[in-house]
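A.B. asks: with the input below, show me the fold.
(2 chains)
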Protein chains: 2
Amino acid sequence: MPIQTFKAVSNQVEGLTVDNKTRNFSMVMDEPPSLGGTDKGMTPVEALLCALGSCQCVVGAAFAKQFEIELKGIWAEIEGDLDPDGFLRGLPGVPVGFKEVRIYLHIKADIDEEKKMAFANFIEERCPVGKTMSLPTTVKLAEVILEK
Amino acid sequence: MPIQTFKAVSNQVEGLTVDNKTRNFSMVMDEPPSLGGTDKGMTPVEALLCALGSCQCVVGAAFAKQFEIELKGIWAEIEGDLDPDGFLRGLPGVPVGFKEVRIYLHIKADIDEEKKMAFANFIEERCPVGKTMSLPTTVKLAEVILEK
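C.D. replies: Predicted coordinates:
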């Protein structure tokens, strides 16, 4: 199968409010007042956690049949630890991104413990968002365009 | 400053449609029909690209003053290459996550080329979503809960 290129455009509306578009979808992100925003939407790091949780659920739902699992439901609680000294102050040795992200995966199905773990581990291995986060990924500043 | 823990919950509604909640915000993600979904929202990988673009804009907007830049606007076009042979088929040697992500950053301000690049490089260095993607990040399957 050919490589697929996904696209998105993020555009500062005002202050820290950003409008995001991808295909025919859009969503607003912002920061809470404590970080200088106006709380018009979730923050980018919260959106990242939602993307991870969603991706886990999608992979689970898409591959349950292959595991002969009749999935009655799947949900993920995601937690991510961020040290503000990294992104706000740039302190050396402090990560700018998430220090640790934890997934609490809930699987509703009539299966045993062994199959549960095999399925959960498969989901972890096949989750594009999770792998983009856990493995080093090339994120290239391809071009900086000065607009007058 | 203390470490902050961000939280999100993603819950499969039906098929590949997932409802996501974080604080008082929610958003639906889905897959297009070509991947077995019903296209009720952007995909998790598209949401990831939106989070990255938003994060770039927020960092730029938040730190422009520190660079003595009067920012008239900032936007980011994001592209990400994904090889379906990774997540769909698990082919060895094929990355499951993004192979490459490119940022085209637009800065609207009355500055010279040198300052533009210094500012763009700073944004890259201080962007939590970008760093979570580009550097290896601990993403831990903390618990798998079997629901009956």
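A.B. asks: let me know whether A:Phe122 touches A:Phe63 as I believe.
C.D. replies: Yes - taking CB atoms under 8 Å as the contact criterion, A:Phe122 and A:Phe63 are neighbours in contact, 6.6 Å apart. Backbone N, C-alpha and C define where each C-beta goes, glycine included.
A.B. asks: and the strands in chain A?
C.D. replies: When assigned using DSSP state E, the strands of chain A occupy the ranges A:4-14, A:17-22, A:25-29, A:73-82, A:100-108, A:138-147.
A.B. asks: B:Val129 is nearest to which of these?
C.D. replies: Distances from B:Val129 to each of these were compared using CB to CB; the shortest belongs to strand A:138-147, at 9.2 Å.
A.B. asks: strand partners (parallel or antiparallel) of that closest one?
C.D. replies: Strand A:138-147 has the following sheet partners, assigned by DSSP bridges: strand B:100-108 (parallel).
A.B. asks: what sits up against the strand it pairs with?
C.D. replies: Surrounding strand B:100-108, the residues in contact under the criterion CB atoms under 8 Å, 6 or more residues apart in numbering or on different chains are A:132, A:137-148, B:49, B:52-53, B:56, B:60, B:71-81, B:116, B:119-120, B:123-124, B:130, B:133.
A.B. asks: going through those, which ones are buried?
C.D. replies: With neighbours counted by 16 or more other CB atoms under 10 Å in any protein chain shown, the contacts of strand B:100-108 contain buried members at A:132, A:137, A:139, A:141, A:144, A:146, B:49, B:52-53, B:56, B:60, B:71, B:73-80, B:116, B:119-120, B:123-124, B:130, B:133.
A.B. asks: thinking again about what came up before, dump the strands of chain A to JSON lines, plus mean pLDDT.
C.D. replies: Conversion of the strands of chain A to JSON lines gives the following (pLDDT from 0 to 100):
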{"stretch": "strand A:4-14", "mean pLDDT": "98"}
{"stretch": "strand A:17-22", "mean pLDDT": "98"}
{"stretch": "strand A:25-29", "mean pLDDT": "98"}
{"stretch": "strand A:73-82", "mean pLDDT": "98"}
{"stretch": "strand A:100-108", "mean pLDDT": "98"}
{"stretch": "strand A:138-147", "mean pLDDT": "98"}
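A.B. asks: B:Met42 is nearest to which of these?
C.D. replies: Put simply, out of the strands of chain A the one that sits nearest B:Met42 is strand A:25-29, at 4.1 Å, with distance taken as CB to CB.
A.B. asks: now do the same contact list for the residue nearest to A:Trp75 when sequence neighbours are not counted.
C.D. replies: In space, not counting the residues next to it along the chain, A:Trp75 is nearest to B:Asn11; the distance is 4.1 Å by CB to CB, 6 or more residues apart in numbering or on different chains. With contacts taken as CB under 8 Å, 6+ apart, B:Asn11 has the following neighbours: A:57, A:73, A:75, B:18-21.
A.B. asks: cool, A:Phe98 as well?
C.D. replies: Going by CB under 8 Å, 6+ apart, A:Phe98 touches A:45, A:48, A:80-82, A:133, B:128, B:132, B:137.
A.B. asks: which of the residues you listed lies closest to B:Thr5?
C.D. replies: Proximity of the contacts of A:Phe98 to B:Thr5 was ranked by CB to CB; the top entry is A:Asp81 with 5.4 Å.
A.B. asks: isn't the closest one up against A:Gly97?
C.D. replies: No - no contact is recorded between A:Asp81 and A:Gly97 when judged using CB under 8 Å, the distance being 10.4 Å.
A.B. asks: give me the domain ranges for chain A.
C.D. replies: A:1-41, A:49-134 (automatic domain parsing).
A.B. asks: and these as JSON lines, adding distance to B:Glu31?
C.D. replies: Rendered in JSON lines, the data for those read as follows (distance: least, CB to CB, whole Å):
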{"stretch": "domain A:1-41", "distance to B:Glu31": "12"}
{"stretch": "domain A:49-134", "distance to B:Glu31": "6"}
